[in-house]
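Participant: When you get a sec, could you give me coordinates for this:
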Amino acid sequence: MSTDSAVAATRPAAAPSLTGVFVRLKLTLLRNGLRQSTGRTLAYLASVITGLLFTAAVVLGLIALRGTAHAGALVVLLTGILTLGWAVLPLFFPTGDETLDPTRLVMLPLRPRPLIVSLLVASLVGIGPLVTLALVTGSVIAVADGPAAAAVGVVAVVLVVLVCVSLARAVATASVRLLTSRRGRDLAVLSGLFIAIGAQGVNIAAQKLGRPDGLSVLEPVGTVLRWVPPASAVGAVEDAGHGAYGRALAGLALTALALILLLWWWQRTLTTLMTAPDSSTLQAVEKDSARGAGKEERGLARLLPDGRTGAVVLRTLRYAWRDPKSKMAWATALGVGLLVPVVSAAQGNGSLYTSLFASGLLGTQMYNQFGQDTSAFWMVASTIATPRDAYQELRARALTLASVAVPYVTLVVAGTAAVIGPWSDFVEVYGLSLAVLGALLATGALSSAVFPYSIPSEGNKNVAPGQGAIAWFSLFGGVLVGAVLCSPLLGLTIWLHVAGLHQLLWVLLPVGAVYGLGVAELGLRVAAPRVARRLPEILVAVSKG
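Facilitator: Numbering: from 1, shown residues only. From the prediction side, this is the model:
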């Protein structure tokens, strides 16, 4: 045997490339996910078709803007928004791509550098990278002018797509411990609220940009973003078309440097994640031991009264903070209640009366109070023996809601009056807001007793199958009755305006506060005997999820 043959025989075989394995894994996960149900397949296809049609429309619009004065500022801003979307996507949808969780690969003998290359290539497979590639390509076409700009544009498209994908991977790896925990799932639940706020922002921006010469308002933002990677790469295309080759080279260099730093950060966090032990369990044990050692009540518990009221208030607040469905409901009510006046003010047709949405949305949190307990309601039911017990339970829950709603409504109405005005309408709107809140507390308590329904602990549905009609009737029927209860105060407001007695409008504030308190108390007393009589029916209804 020759010396070369002996050396070749003793040389270890080269490790096979992981790139093909991870690409096939990505495709297999996608295919198996679509096979789970026909509904999921149809929903995925519908979302893909909608996304592609929207992308095609945006690309055509960008191409139509080619040669306009402010197209450069628009495409730079669009690139920045795309990058932001890639950065926050793993935080809100951690389970959307199972390959984003590198902890599944901890037990495999893989080295970080080849693993990063394989994961990066696998990340380029999917509808998200395709949409990004199309939008960035359309942005480059919109500003490219000449062969030099076209050459820079090809490099810019590659760099922008790689930066976006690497950023998403790096963020997911750095926060994977959080995303797989209960708080991470809570963050995913809150994604709908941020999407709603973002949609309103897009709506306002579209109205502003639709005006004559509306793109000019983007120039100050574009001037700053064209030096922030990866938008700097798209800005480099426009600079190359104008002959500023030094600025173009600097823009590409900034994006390339950002890509290198992202890959370095990704490799470092991936190495730490796959070699360091998960100490979350030990930390949880230490916290439990500390709680056991200090038996005194801390924080809010020390401020609450003894007895049922304090216990129910504390339990309800903990549900609102820890349960994902309850947290989503509270966050939506708080966010949208503030969003409606802000959007109205931004559109230029705002009214102080839009702040009534804050009272309305928070008041609806009183509906289906026992549904959030699910099957654990039997523990609450075992403590209710008389209508007075039921009254104290409902009163404590209403007190919890009012302790958050009243200060929040005060801030929203006052803030709306400061932004939209006039301050002279503050007292009447604030009085009406308190009356609306009291009426919804009353109807919510009664609806919780008569029309309870179950809230599934798993999945995205907020109503158990077969109880949708009950939920809708409970909500809309209660809101309609609440509006009828508020009609006397509304009639008084209209009469004072029609009669020209504007100097007496201040009475609406104390009257509204007293009226709301009285209606809420009446509703609690009417609902309490029904709760005490219907405990078995309520337990069955809220245990279906």
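
Participant: Kindly state the domain boundaries assigned to this structure.
Facilitator: For the chain, the structural domains run 19-274, 304-542, going by automatic domain parsing.

Participant: ok, of these, where does mean pLDDT dip lowest?
Facilitator: Mean pLDDT values for these show the minimum at domain 19-274, a mean of 78.

Participant: what would the domains of the chain look like in a markdown table with mean neighbour count?
Facilitator: Every residue, glycine included, has its C-beta placed from N, CA and C. Converted to a markdown table, the domains of the chain look like this (neighbours: other Cβ atoms under 10 Å):
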| stretch | mean neighbour count |
| --- | --- |
| domain 19-274 | 17 |
| domain 304-542 | 19 |
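
Participant: how about the helices in the stretch 1-150 of the chain?
Facilitator: Under the criterion DSSP state H, counting those that start in this stretch, the stretch 1-150 of the chain carries helices at the ranges 3-10, 19-34, 38-64, 71-92, 112-123, 127-143, 147-174.

Participant: so what secondary structure elements neighbour the lengthiest helix in the chain?
Facilitator: Across the chain, the helix with the greatest residue count (assigned by DSSP state H) is helix 387-419. On a contact count with 3 or more Cβ pairs under 8 Å, 6 or more residues apart in numbering; DSSP states H and E, helix 387-419 meets helix 308-322, helix 324-346, helix 356-363, helix 426-450, helix 508-533.

Participant: Could you export the ones you listed to CSV, including columns for distance to S232?
Facilitator: Output for those, formatted as CSV (distance: least, Cβ to Cβ, whole Å):
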stretch, distance to S232
helix 308-322, 41
helix 324-346, 30
helix 356-363, 41
helix 426-450, 47
helix 508-533, 54
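
Participant: and of these, who's closest to D373?
Facilitator: Of all the helices and strands packed on helix 387-419, helix 308-322 sits nearest to D373, with 8.0 Å by Cβ to Cβ.

Participant: then the closest one to PDB, C-alphas only?
Facilitator: Extracted in PDB, the C-alpha atoms of helix 308-322 (Å, rounded to 0.1, in the frame of the first residue of the first chain):
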ATOM      1  CA  ARG A 308     -63.900  37.700  50.900                       C
ATOM      2  CA  THR A 309     -63.600  41.200  49.300                       C
ATOM      3  CA  GLY A 310     -59.800  41.300  49.600                       C
ATOM      4  CA  ALA A 311     -59.300  37.700  48.500                       C
ATOM      5  CA  VAL A 312     -61.600  38.100  45.400                       C
ATOM      6  CA  VAL A 313     -59.900  41.300  44.400                       C
ATOM      7  CA  LEU A 314     -56.500  39.800  44.600                       C
ATOM      8  CA  ARG A 315     -57.600  36.600  42.800                       C
ATOM      9  CA  THR A 316     -59.200  38.600  40.000                       C
ATOM     10  CA  LEU A 317     -56.100  40.800  39.500                       C
ATOM     11  CA  ARG A 318     -53.900  37.700  39.400                       C
ATOM     12  CA  TYR A 319     -56.100  36.200  36.700                       C
ATOM     13  CA  ALA A 320     -55.900  39.400  34.700                       C
ATOM     14  CA  TRP A 321     -52.100  39.400  35.000                       C
ATOM     15  CA  ARG A 322     -51.300  35.600  34.600                       C
END
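
Participant: Identify all contacting residues around that helix.
Facilitator: 182, 300-301, 304, 326-327, 330, 372, 383, 389, 392-393, 395-397, 399-401, 403 (Cβ atoms under 8 Å, 6 or more residues apart in numbering).

Participant: Between helix 324-346 and it, find me the angle.
Facilitator: Computed by axes from the mean of the first three to the mean of the last three Cα atoms, to 10 degrees, the angle separating helix 308-322 from helix 324-346 equals 70 degrees.

Participant: Please state the offset of helix 308-322 from the chain centre?
Facilitator: 24 Å (Cα atoms, centre = their mean, to the nearest Å).

Participant: and what of stretch 119-135?
Facilitator: Distance, centroid of stretch 119-135 to centroid of chain: 23 Å (Cα atoms, centre = their mean).

Participant: Now the terminal residues of it, how far apart.
Facilitator: Stretch 119-135 has an end-to-end distance of 23 Å (criterion: Cα to Cα, to the nearest Å).

Participant: thinking again about what came up before, nearest to G444, out of the helices of the stretch 1-150 of the chain?
Facilitator: helix 71-92 (29.9 Å).

Participant: just the CA coordinates of that closest one, formatted as CSV?
Facilitator: C-alpha atoms of helix 71-92 as CSV (Å, rounded to 0.1, in the frame of the first residue of the first chain):
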residue,chain,number,x,y,z
ALA,A,71,-39.3,57.9,-4.1
GLY,A,72,-36.0,57.5,-2.3
ALA,A,73,-37.4,58.5,1.0
LEU,A,74,-40.4,56.1,0.6
VAL,A,75,-38.3,53.0,-0.2
VAL,A,76,-35.9,53.7,2.6
LEU,A,77,-38.8,53.9,5.0
LEU,A,78,-40.3,50.8,3.6
THR,A,79,-37.1,48.9,4.1
GLY,A,80,-36.9,50.1,7.7
ILE,A,81,-40.5,48.9,8.3
LEU,A,82,-39.6,45.5,6.8
THR,A,83,-36.6,45.2,9.0
LEU,A,84,-38.6,46.1,12.1
GLY,A,85,-41.2,43.5,11.2
TRP,A,86,-38.6,40.8,10.9
ALA,A,87,-37.2,41.8,14.3
VAL,A,88,-40.4,41.6,16.2
LEU,A,89,-42.0,38.6,14.3
PRO,A,90,-40.3,35.9,16.5
LEU,A,91,-41.4,37.7,19.7
PHE,A,92,-45.1,37.6,18.7
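
Participant: just checking, what packs against that helix?
Facilitator: Right, helix 71-92 is packed against helix 38-64, helix 127-143, helix 147-174, helix 182-189, helix 191-209, helix 219-225, helix 231-241 by 3+ Cβ pairs under 8 Å, 6+ apart.

Participant: Could you export the last one as PDB, CA atoms only?
Facilitator: Read it as helix 231-241. Backbone C-alpha positions of helix 231-241 (Å, rounded to 0.1, in the frame of the first residue of the first chain) are rendered in PDB as follows:
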ATOM      1  CA  ALA A 231     -32.000  50.700   4.600                       C
ATOM      2  CA  SER A 232     -28.600  52.300   3.900                       C
ATOM      3  CA  ALA A 233     -28.100  49.600   1.200                       C
ATOM      4  CA  VAL A 234     -31.300  50.800  -0.600                       C
ATOM      5  CA  GLY A 235     -30.200  54.400  -0.200                       C
ATOM      6  CA  ALA A 236     -26.900  53.400  -1.800                       C
ATOM      7  CA  VAL A 237     -28.700  52.500  -5.000                       C
ATOM      8  CA  GLU A 238     -30.100  56.000  -5.300                       C
ATOM      9  CA  ASP A 239     -26.700  57.500  -4.500                       C
ATOM     10  CA  ALA A 240     -25.000  55.400  -7.200                       C
ATOM     11  CA  GLY A 241     -27.600  56.600  -9.700                       C
END
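
Participant: All good on my end, thank you.
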